[in-house]
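*Asks:* Using only what follows, build the 3D model:
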Amino acid sequence: MSKRSLYATLIGINAYKQNSLNGCIKDVLDIDLLLRDQCRQQENDSLEYKPLYLLAPGEIDNMRIADYEAAQKLKLSFDAPTFKNISEKAFVHLKQSNDGDVCLLFYSGHGSQVDAPPEFWHTKPDRQNETIVCVDSRDPGNPDTRDVIDKELGYLLWDALKDKKVHCVVIMDCCHSGNNMRGAVADKTLRFRHIPSSKNKVPLEKYLGYDTNGNFYEIKNGKITGMLDDVAYQSNTQQFWNSCVEICDKDDYRSFGTFRDGKGQPSQVSAVSHGSSTSRFNNVNVINTNSSANI
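*Replies:* Next up, the predicted model:
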């Protein structure tokens, strides 16, 4: 049996500057132990555990971590769960996975909301997008930091795992991740992992992945020579589909999405997704800001 890897990004935040929490580091240690036990039980050690920890422990958590390290005879190395680390390092780790591997994104901390740009209002009656709160999200001394928005999490996962045949699991233990336990709201011993909405106004063009054209490449003599920015193509429906000469089979089928749909008269503003296999179109005019070429 070939050896596979389990890439786990484990995020736990107790030490918020405001509205600190108590159980999130314990959550990470519990899930870490579960994953280690599962990997140890695999036949011939066929599943290798590769964790990344982004933790913000409180004072008592440091003792809990030390006890865990002693019991498991290991040393946990972790970075702070800042906006930069969560939006970059967390997904760079998952990006190392290969076909057949397992990926886990686990978050335990505060959940919140932020005003949604107008482009999302048709699907958001309350005009709010959901967020996860980084340890530095609400730092008054650093106004450039903010929450990570759910739409951005979707993009970051897609960007890390696109074109890979991996099994991905996402666990969000925070408010706005679902309605579990809301029936017990009268129980004063329960504490929800929620803080008030962020005051940041994040326009759509500032969303992570908004200006990424990761699916567009220039090809010369049958070889990819580089990526293209600000890509658009010019055609009409009949000419475009008549120029289609090849379509891959169902094994290549994938879903793609965009925050903007520029079709229609009058023009439409909506988030859309389409499923497709890789296709080839000849003699379609493709344009970027600096040049245009027929392909």
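
*Asks:* alpha carbons only for contacts and neighbour counts from here, please
*Replies:* Fine.

*Asks:* The residue nearest to Asp115 when sequence neighbours are not counted: neighbouring residues, count only.
*Replies:* Distances taken as C-alpha to C-alpha, 6 or more residues apart in numbering put Gln128 closest to Asp115, at 4.7 Å, once the chain neighbours are dropped. Using other C-alpha atoms under 10 Å, Gln128 is surrounded by 17 other residues.

*Asks:* Return the set of residues that bridge with Ala56.
*Replies:* Counting by DSSP bridges, Ala56 is bridged to Ile13.

*Asks:* so what's it up against?
*Replies:* Taking C-alpha atoms under 8 Å, 6 or more residues apart in numbering, we find Ala56 in contact with Gly12, Ile13, Asn14, Ala15, Tyr16, Ile25, Ala80, Pro81, Val135.

*Asks:* I'd assumed Gly12 was in contact with the last one.
*Replies:* No - between Val135 and Gly12 there is no contact, the gap being 9.5 Å when judged by C-alpha atoms under 8 Å.

*Asks:* okay, and the common contacts of these two?
*Replies:* Ala56, Pro81.

*Asks:* follow-up on the earlier one: turn the contacts of Ala56 into TSV, including pLDDT, distance to His93 and neighbour count.
*Replies:* Below are those laid out as TSV (pLDDT from 0 to 100; distance: C-alpha to C-alpha, whole Å; neighbours: other C-alpha atoms under 10 Å):
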residue	pLDDT	distance to His93	neighbour count
Gly12	97	16	28
Ile13	97	19	28
Asn14	96	22	23
Ala15	95	23	20
Tyr16	93	24	20
Ile25	96	20	27
Ala80	97	15	19
Pro81	97	14	24
Val135	95	19	27
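
*Asks:* I'd like the distance from Ile25 to His110, if you could.
*Replies:* 13 Å (C-alpha to C-alpha, to the nearest Å).

*Asks:* residues shared between the contacts of those two?
*Replies:* The contact sets of Ile25 and His110 overlap at Ile13 (C-alpha under 8 Å, 6+ apart).

*Asks:* Kindly list the main-chain dihedrals of Tyr253?
*Replies:* Torsion angles at Tyr253 (phi, psi; degrees, to the nearest 10) stand at phi -70, psi 130.

*Asks:* tell me the contacts of Asp249?
*Replies:* Ser277.

*Asks:* With Glu88 instead?
*Replies:* Applying C-alpha under 8 Å, 6+ apart to Glu88 gives no contacts.

*Asks:* Could you shift the numbering so residue one becomes 615, and keep it that way?
*Replies:* Will do, 615 is the new start, and the previous item becomes Glu702.

*Asks:* Just to be sure, it is in a strand?
*Replies:* No - applying DSSP: H, G, I helix; E, B strand; the rest coil, one finds Glu702 to be helix, outside a strand.

*Asks:* Tell me, how many residues neighbour Ser891?
*Replies:* 14.

*Asks:* Likewise for Gly755?
*Replies:* 8.

*Asks:* number of nearby residues for Leu708?
*Replies:* The number of residues packed near Leu708 is 25, by other C-alpha under 10 Å.

*Asks:* Give me the residues contacting the helix or strand encompassing it.
*Replies:* Counting by DSSP states H and E, the element that carries Leu708 is helix 704-709. If you take C-alpha under 8 Å, 6+ apart as the criterion, helix 704-709 is touched by Tyr621, Ala622, Thr623, Leu666, Leu668, Cys717, Leu770, Leu771, Ala774, Leu775.

*Asks:* Could I get the full set of strands for the stretch 765-909 of the chain?
*Replies:* Here the stretch 765-909 of the chain has its strands, by DSSP state E, counting those that start in this stretch, at 781-787, 831-834, 837-841, 846-848, 858-861, 868-872, 886-890, 893-895, 899-901, 906-908.

*Asks:* The second one: partners in the sheet, and parallel or antiparallel?
*Replies:* When pairing is defined by DSSP bridges, strand 831-834 lines up against strand 837-841 (antiparallel).

*Asks:* So for the partner strand, mean pLDDT?
*Replies:* The average pLDDT within strand 837-841 is 70.

*Asks:* which residues of the stretch 715-864 of the chain score low on pLDDT?
*Replies:* 791-813, 824-830, 840-844 (pLDDT under 70).
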